[in-house]
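*Asks:* generate coordinates for the sequence data below:
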Amino acid sequence: MTITEIANAYIGEKEKHNNRGFENPFLETKMKSKQIGWRRGWPWCAAIVKLWVIEYYQQGNALLTDEQKKYISSLSVGVLRSYQSLKKTFPALWSASPSPDTIVCWQHYNNGRPTMFGHTGICTSSSIVYDDGREVFRTIEGNTNAAGSRNGDRVAVKERTVSRVAPNNGLELLGFFHII
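*Replies:* Just a heads-up that it's a prediction; the model follows:
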């Protein structure tokens, strides 16, 4: 299975109001595990991406390689911390272009200034250019909603614009990481 197929199995999973846990108790147990480290009240997009990477590595093989262990340890429940760690530890895996089965990261801006918050998901497509010139890619994201928020209540399929122009308010695309 690809990481996209693993993430796809989680589409529709929902949180309890205000990041207080998950409607699915099995998912909540996974997210609170020592390996993932999510805690009640915290945003969870990065935590679920970490879960998906671990499940991708563990399928059919209980023994992880040293590189896979290092990749997992580069992921945290914080998007920007994960981004910086992956970029430092695995610079060759970073890309500016969307491609299937990669981790995508954004930084959140407020009043034109970068914040310490971000958003992440799994990119499921390469760039798609529409007739009107918009360049987009598709994702599966946790902690999102129909409006595309970085702080929503479910795992959902999204279509995101390829843009690296820092917004006044919203998400700026940082890049993509291939999974080893």
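*Asks:* alpha carbons only for contacts and neighbour counts from here, please
*Replies:* Fine.
*Asks:* for the residue nearest the centre of the chain, give its distance to Cys45.
*Replies:* The chain has Gly121 as the residue nearest its centroid, 2.4 Å off, counting by C-alpha atoms, centre = their mean. Per C-alpha to C-alpha, to the nearest Å, Gly121 is found 7 Å from Cys45.
*Asks:* which residues do those two both contact?
*Replies:* Glu141, Gly142 (C-alpha atoms under 8 Å, 6 or more residues apart in numbering).
*Asks:* what's the closest non-adjacent residue to the residue nearest to the centre of the chain?
*Replies:* Leaving out its chain neighbours, the residue that sits closest to Gly121 by C-alpha to C-alpha, 6 or more residues apart in numbering is Glu141, at 4.4 Å.
*Asks:* can you check Ala96 too?
*Replies:* Gly175 is the one closest to Ala96 (C-alpha to C-alpha, 6+ apart), at 4.9 Å.
*Asks:* output the contacting helices and strands for the strand or helix carrying that neighbour.
*Replies:* Secondary structure from DSSP states H and E places Gly175 in strand 170-178. Contact analysis of strand 170-178 by 3 or more C-alpha pairs under 8 Å, 6 or more residues apart in numbering; DSSP states H and E lists strand 94-95, strand 102-110 as its packing neighbours.
*Asks:* C-terminal to the lowest-mean-pLDDT helix or strand in the chain, what's the next element?
*Replies:* Ranked by mean pLDDT, DSSP states H and E, the weakest helix or strand in the chain is strand 128-129, scoring a mean of 90. The helix or strand immediately downstream of strand 128-129 is strand 135-144, counting by DSSP H and E.
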